[in-house]
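A.B. asks: Only the shape, not the letters, is given here:
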């Protein structure tokens, strides 16, 4: 007998949201502890470039941690879906900026050979795909795929 949770599109959406949310939670929580996130320095440098150094690094990483944990909480609980997805999609798009703005840290040989940090960013292609599918489903809940 099949489990009904896997036969329901709403449940499928929630499972995807929970999975993405757990990754956001894990990575977001690490940023509250200096030196624990492998992306801390890259995030601080990127935020400094995007904000023209208006936000100190110690503040920017905490703001990013808060953003990521908020996205996680919204995705895991599947509350305020549009807000959660808008925040997540905005965040995930911004994660690609180091590929251009900090290409020397993202690639050994651009655009063919990414560094480990570049690979860390490029894996977000999967995240954006899942987030866009969820967003489309939230926008058109009655439409079948």
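C.D. replies: Sure, I can see it. Only a predicted model underlies this, so the values are computations on that prediction, with no experimental measurement involved.
A.B. asks: Backbone torsions only: list them for the spatially most central residue of the chain.
C.D. replies: Central residue check for the chain by CA atoms, centre = their mean: the C-alpha nearest the mean position is that of residue 92, 4.4 Å away. Listed backbone geometry of residue 92 is phi -70, psi -30, with angles given as degrees, to the nearest 10.
A.B. asks: The one 10 residues further on now?
C.D. replies: Backbone dihedrals for residue 102, given as degrees, to the nearest 10, come out at phi -130, psi 50.
A.B. asks: neighbours around it, how many?
C.D. replies: Applying the criterion other CB atoms under 10 Å, we find 17 residues in the vicinity of residue 102. All C-beta spots, glycine's among them, are computed from the backbone N, C-alpha and C.
A.B. asks: likewise residue 48?
C.D. replies: For residue 48, the number of neighbouring residues by other CB under 10 Å comes to 15.
A.B. asks: any idea which element it lies in?
C.D. replies: Counting by DSSP states H and E, the element that carries residue 48 is helix 40-50.
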